[in-house]
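>>> Provided below for reference: sequence and predicted model.
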Amino acid sequence: MNINEVGATSLVIAAFRSEEGKLDHPLFKDPYSDWFVNEEFLERARQLRQLHQGIGDMVRFRTVMFNSILSNSIRGDTKQIVTIGSGLDMRFEIFKSEGVKFFEVDQPGVLEYKKSVLARHGIDSPPSVACNYLEVNLPDLLVEIGFNPSEPSLMIWEGNTMYLPKDLIFKFANQLCDRIQKFVLTFDYIKHGLLDGTYEDKEAIEYCRLVQKIMNAQFLSGFDDLSEFEENTPLKVMKSGNVLDIGREFVDANLQEAFEYIESESMGLISAYRYAQLRND
């Protein structure tokens, strides 16, 4: 199984995050994203926005969603944050807190590039595992770099599941459960109907196809019912929802007009893009 394309998509996501900082009323701040982007991937982000405004908004709300879950976890009893398929994520710096350890997992090329960019700006990368996480025993490798499998942990799996076949998703989830005692796994996913053509909004199916073309990546999996995880792994569903639900929490007067546009023009597309929190304890 080859997931190298996930590294390429991380540059597009960094471009979206970079553009967010230039808005009059940004939903989040990521001052580090500018360090990673180049014109090629800024152009891909623009193409996606031109294709449908809702695509850019999904990335925005997804970022807010993961930020919110992470910050709430830190305020709770979470002592370790593991970002799986971390890409160019900078939450380890944005949300650094005393007593909380951050770990990252991604392909060697992605982590090497990120490390070199951060070094030029005087920032040390967090402990990381450079690998294809589907081909190794990730919990064992995390333990080798200081991860404690007995401490409460949050696993962030952002922008990955749609690129992976289901059998490997479940195999990987079971591997985590076998070794790590108490953790929450949070991830984003798409409705399976977008892939097999059964989703009720046919326009959304077409946009999904075009997104893959612009991103130069193929979507392999989606979920219409998260009970699949409970049937195939020890994980239990804590919470799931539409990424737009998170956006509603951050709407103010300055964003109301744009948000009304999303609800009227993009609901079919955005309703098929969701997030989940599953627990193992």
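Perfect, I can see it now.

>>> three-state assignment of Asp77?
Secondary structure state of Asp77, per DSSP: H, G, I helix; E, B strand; the rest coil, is coil.

>>> out of everything not next to it in sequence, what's closest to it?
Leaving aside its sequence neighbours, Asp77 sits nearest to Pro152 (CB to CB, 6 or more residues apart in numbering; 4.9 Å). Just so you know, the C-beta spots here come from the backbone N, C-alpha and C atoms, and that holds for glycine as well.

>>> the one you found and Phe28, how far apart?
Distance, Pro152 to Phe28, using CB to CB, to the nearest Å: 25 Å.

>>> just the buried positions in the helix or strand harbouring Ser18, please.
Applying DSSP states H and E as the criterion places Ser18 in helix 5-20. Using 16 or more other CB atoms under 10 Å as the test for burial, helix 5-20 gives 6-7, 9-20.

>>> what's the lowest-pLDDT member of those residues?
When the buried residues of helix 5-20 are compared by pLDDT, Val6 scores lowest at 44.

>>> ok, now which ones touch the spatially most central residue of the chain?
The residue lying closest to the centre of the chain (CA atoms, centre = their mean) is Glu158, at 1.7 Å. For Glu158, the contacting residues are Arg62, Phe66, Thr83, Gly85, Gly87, Asp89, Phe187, Asp188, by CB atoms under 8 Å, 6 or more residues apart in numbering.

>>> separation between it and Pro139?
With CB to CB as the criterion, Glu158 and Pro139 are 19 Å apart.

>>> sorry, back to before: the residue nearest to Asp77: neighbour count?
17 (other CB atoms under 10 Å).

>>> give me the pLDDT value at the closest residue to Glu19 other than its chain neighbours.
Nearest residue to Glu19, sequence neighbours excluded (CB to CB, 6+ apart): Ala45, at 6.4 Å. Looking at Ala45, its pLDDT reads 82.

>>> wait, Ala45 touches Thr9, no?
No. Ala45 is beyond contact range of Thr9, at 10.8 Å (criterion: CB atoms under 8 Å).

>>> just the C-alphas of whichever helix or strand Arg274 is part of, formatted as CSV.
Per DSSP H and E, Arg274 falls inside strand 273-280. Only the C-alpha atoms of strand 273-280 are listed here, as CSV (Å, rounded to 0.1, in the frame of the first residue of the first chain):
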residue,chain,number,x,y,z
TYR,A,273,-17.8,15.4,4.8
ARG,A,274,-17.8,14.4,8.5
TYR,A,275,-15.7,13.8,11.6
ALA,A,276,-15.6,11.2,14.3
GLN,A,277,-14.2,10.6,17.8
LEU,A,278,-13.8,7.0,18.8
ARG,A,279,-12.4,5.8,22.1
ASN,A,280,-10.5,2.8,23.4
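
>>> measure how far that strand is from the centre of its chain, please.
Strand 273-280 has its C-alpha centroid displaced from the chain centroid by 11 Å (CA atoms, centre = their mean, to the nearest Å).

>>> pull out the buried residues from it.
Using 16+ other CB under 10 Å as the test for burial, strand 273-280 gives Tyr273, Arg274, Tyr275, Ala276, Gln277, Leu278, Asn280.

>>> now, which of the residues you listed sits nearest His121?
Nearest to His121 among those is Tyr275, at 30.5 Å by CB to CB.

>>> name the nearest residue to the closest one, ignoring sequence neighbours.
Once flanking residues are discounted, Tyr275 sits nearest to Asp188: 4.9 Å by CB to CB, 6+ apart.

>>> packing partners of the helix or strand hosting that neighbour?
Per DSSP H and E: Asp188 is located in strand 183-190. Judged by 3 or more CB pairs under 8 Å, 6 or more residues apart in numbering; DSSP states H and E, the packing partners of strand 183-190 are helix 53-75, strand 153-157, helix 166-179, strand 273-280.

>>> most tightly packed of these?
Across the helices and strands packed on strand 183-190, the average number of neighbours (mean count of other CB atoms under 10 Å) peaks for strand 153-157, which reaches a mean of 24.
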